[in-house]
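>>> Let me see the structure of the following:
(chains A and B)
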Amino acid sequence: MDITAVDRAAVLGTSRLHVTSARAKVIAFTLVLATVVVTNDVLVLLSALLLLLALAAGMGMPLRHMLPLALYPAVFAAVFAFASAPSVLSAVLIVGKAVTAALGSIVLMFSTPYPQVFAIIQRFVPGIVGDALLMTYRSLFLLAEKLTNLSTAIKLRAGLAGRQPVRAVGATTRALGGLVLYSLDLSQREYDVLRLRGYEGRLRVRTIPSADGAMDRALLLGGGGLLSLTIILRTAPDVVGAYSWILAAISLLTLVAAATVRWRKS
Amino acid sequence: MSHIHIPDGVLPIWLWGTGWVIALIALTIASRVSEREAVRRKVPLLGVMSALILVAMSTEIVPIAYHVNLTVVAGAILGPWMSIISAFVVQVILALLGHGGVTVIGLNTIQISTEMILGWLIFRTLVRILGRPRVRWAAAVTTIITLAMTTTMLVGIVALAGAGPAAIRDTGALNPATLSFGNPLDGGVVSIKLFSTHEHADDHEADDGHAHEEVDTGLSISRFAAVVYTLGPIGWLLEALITAGILGYVARVRPSLVFEGGLAETEPAHYGDEHGRH
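Numbers count the residues shown, from 1 in each chain, chains lettered A, B, ... in the order given. Modelled structure (predicted):
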């Protein structure tokens, strides 16, 4: 998980999706998620996946960083599917749901800075939870960098302890212990900063308004449309179930068109 | 088995919905208790410990789908109430990164906070029984007991998802004859036929004389249990070794953190004196 890549893409990106309001993107993501939950049709799931890929490709988002993150939960879902799915198709459905939902959240997070998403979550959770989310986000980058440095140090030390796994494990755990101590020192420093700034139990995040109302509406319409079609296909499979391939074909064409536009621009 | 790696849309809505309700109630209580005092110290501590868990989770062992969690370490330092908040924060961020479903955040929060609270409770008890010099043993035993218990909890959750009338899914949710959905309470807690995990022929359609084939898409509990209880102990052992090493090291350097928690006033050891006994 390269969390720094996510943050970089969200903050420095300039696509239309980046200037869309965080609220519209969160609602659209919720609609896609509802689609994933509702559907039992592999073709509908494939359509949602292709449409998300088309959106990311069309907006010029960094697919090289996004796809590994989206495929990451497939490893765990595959273990779960292998362990519990009664048929191959069910297993494909389980893995497909994991990847599609993950891609949805990754498109959201690659185009929206974390604090903007947390600002929405803050409205629904107790104050200390919202603040802890923001403090976690801040600490995450510092600890990730520290762990990278520690890992380098451990690799260098492994040259001395390569044939002594017990010693190497000892060095690793001491390094992680050092990371715990560093974390607590970091916590103390952040406490000092909060005290200095007069923190009284609520960190405020300024929400950025949308600069592209049309894109807001398009996202909501797209998400709503996809969910509506999914519900129709799910509730009346005998009538329209045989035509779910049309949705997949349209989604594939959309992806091809988006990829062509992206290729021409690059 | 710190959290459930089950995607969205696999577990029935009544199960993950209940998970959300329980998690939000626990979160509200934990927040009220935590906000009573020293909130300025607790917020950064929660932030860094949650970040520490997330950083640890970023190192996965792919062949057995396991990653380091440090939940027992975090539980020992944060205590029970802050553990619940930290568990929720970790799960929200993981879900936003696509690691773990959004719908299962509630169940995951219950799972991970149980692990942290049990870790805190068992570790404290064992340290009291075995004594501070045996902190590594206490940490290792705590981790194995805790992970075994939460793995069983995970199997229980999957068993709940895969059994009973609430998990039955009909292929024809909308009855064309009446143009209405079935009574949600007719065949279980939730059988509005949009969210669940089995498929079988609809009774109304059967009345019409259509041939129907029963398709069982239920989760195989015994196979799932066999897999997690086979792979799990490898992960428990790794986690126990790492947790024992970390807590042993921290107990030498800053004993108050391990024995009194993260909010205790600490007296750092002098450089070069890390290996001294306390």
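>>> From now on I want contacts and neighbour counts done on CA atoms only, so please keep to that.
Noted.
>>> Could you report the distance from residue A:74 to residue B:92?
In this structure, residue A:74 and residue B:92 are 19 Å apart, going by C-alpha to C-alpha, to the nearest Å.
>>> and residue B:40, what is it in contact with?
Contacts for residue B:40 (C-alpha atoms under 8 Å, 6 or more residues apart in numbering or on different chains) come out as A:191, A:194, A:195, A:199, A:200, A:201.
>>> List buried residues within the residues you listed.
With neighbours counted using 16 or more other C-alpha atoms under 10 Å in any protein chain shown, the contacts of residue B:40 contain these buried positions: A:191, A:194.
>>> Just put the contacts of residue B:40 in TSV and tack on distance to chain B and pLDDT.
Converted to TSV, these look like this (distance: C-alpha to the nearest C-alpha, whole Å; pLDDT from 0 to 100):
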residue	distance to chain B	pLDDT
A:191	6	82
A:194	7	80
A:195	7	79
A:199	7	74
A:200	7	70
A:201	7	68
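>>> any idea of the mean pLDDT for stretch A:52-62?
Confidence over stretch A:52-62 (mean pLDDT, whole number) is 92.
>>> Establish whether that stretch and chain B are in contact.
No. Counting by C-alpha under 8 Å from any C-alpha of the partner chain, no contacts exist between stretch A:52-62 and chain B, the nearest distance being 13.8 Å.
>>> got the CA coordinates for stretch A:177-196 in PDB?
Taking only C-alpha atoms (Å, rounded to 0.1, in the frame of the first residue of the first chain), the coordinates of stretch A:177-196 have been written out as PDB:
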ATOM      1  CA  GLY A 177      10.000  -1.500  18.900                       C
ATOM      2  CA  GLY A 178      11.900   1.600  17.900                       C
ATOM      3  CA  LEU A 179       9.000   2.600  15.600                       C
ATOM      4  CA  VAL A 180       6.600   2.200  18.600                       C
ATOM      5  CA  LEU A 181       8.800   4.500  20.700                       C
ATOM      6  CA  TYR A 182       9.100   7.000  17.800                       C
ATOM      7  CA  SER A 183       5.300   6.900  17.500                       C
ATOM      8  CA  LEU A 184       4.900   7.800  21.200                       C
ATOM      9  CA  ASP A 185       7.400  10.600  20.900                       C
ATOM     10  CA  LEU A 186       5.500  11.800  17.800                       C
ATOM     11  CA  SER A 187       2.300  11.700  19.800                       C
ATOM     12  CA  GLN A 188       3.900  13.900  22.500                       C
ATOM     13  CA  ARG A 189       5.100  16.400  19.900                       C
ATOM     14  CA  GLU A 190       1.600  16.600  18.400                       C
ATOM     15  CA  TYR A 191       0.100  17.000  21.800                       C
ATOM     16  CA  ASP A 192       2.400  20.000  22.400                       C
ATOM     17  CA  VAL A 193       1.300  21.500  19.000                       C
ATOM     18  CA  LEU A 194      -2.300  21.000  19.800                       C
ATOM     19  CA  ARG A 195      -1.900  22.600  23.300                       C
ATOM     20  CA  LEU A 196       0.000  25.500  21.800                       C
END
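>>> any residues touching it, and which ones?
Outside of stretch A:177-196, the residues within contact range by C-alpha under 8 Å, 6+ apart are A:143, A:146-147, B:40-41, B:43-45, B:47-49, B:52, B:245-247, B:249-250, B:262.
>>> Quick one: distance of it to the chain centre.
In terms of C-alpha atoms, centre = their mean, to the nearest Å, the centre of stretch A:177-196 is found 27 Å from the chain centre.
>>> on that earlier part again, keep only those of the contacts of stretch A:177-196 that are in strands.
Assigned to strands by DSSP state E, none of those qualify.
>>> will you turn the contacts of residue B:40 into TSV that also has secondary structure and distance to residue B:146?
What follows is the contacts of residue B:40, written out as TSV (DSSP: H, G, I helix; E, B strand; the rest coil; distance: C-alpha to C-alpha, whole Å):
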residue	secondary structure	distance to residue B:146
A:191	helix	31
A:194	helix	35
A:195	helix	36
A:199	coil	36
A:200	coil	36
A:201	coil	33
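>>> Show me which residues of the longest helix belonging to chain B are buried.
Counting residues, the longest helix found in chain B (DSSP state H) is helix B:221-253. Taking 16+ other C-alpha under 10 Å as the neighbour-count basis, helix B:221-253 is seen to contain the buried residues B:221, B:223-225, B:227-228, B:232-233, B:235-253.
>>> Please apply the same query to stretch B:18-31.
Within stretch B:18-31, the residues that qualify as buried by neighbour count (16+ other C-alpha under 10 Å) are B:19, B:20, B:22, B:23, B:24, B:26, B:27, B:28, B:29, B:30, B:31.
>>> Now do the contacts for the last one.
Residues counted as contacts of residue B:31 (C-alpha under 8 Å, 6+ apart) are A:126, A:127, A:128, A:129, B:81, B:82, B:85.
>>> Counting neighbours, what do you get for the spatially closest residue to residue B:223 that is not a sequence neighbour?
Residue nearest to residue B:223 in three dimensions, not counting chain neighbours: residue A:83, with 5.5 Å by C-alpha to C-alpha, 6 or more residues apart in numbering or on different chains. One way to gauge burial is a neighbour count; for residue A:83, by other C-alpha atoms under 10 Å in any protein chain shown, it gives 20.
>>> A helix includes residue A:83, no?
Yes. Counting by DSSP: H, G, I helix; E, B strand; the rest coil, residue A:83 is located in a helix.
>>> Could you double-check that it sits in contact with residue B:229?
No. At 11.1 Å, residue A:83 does not count as touching residue B:229 under the criterion of C-alpha atoms under 8 Å.
>>> In a helix, residue B:7, correct?
No. When the secondary structure is assigned by three-state DSSP, residue B:7 falls in coil instead of a helix.
>>> where's it relative to residue B:99, distance?
From residue B:7 across to residue B:99, the span is 9 Å (C-alpha to C-alpha).
>>> more crowded one of these two?
Between residue B:7 and residue B:99, counted using other C-alpha under 10 Å, residue B:7 has the larger neighbour count: 32 against 29.
>>> Give me the nearest residue to the more buried one, chain neighbours excluded.
Here the residue nearest residue B:7, using C-alpha to C-alpha, 6+ apart, is residue A:98, at 4.6 Å.
>>> pretty sure the one you found contacts residue B:8?
Yes. Using C-alpha under 8 Å, residue A:98 makes contact with residue B:8 at a distance of 6.5 Å.
>>> Tell me the residues that contact both of those two, please.
Common neighbours of residue A:98 and residue B:8, counting by C-alpha under 8 Å, 6+ apart, are residue B:101.
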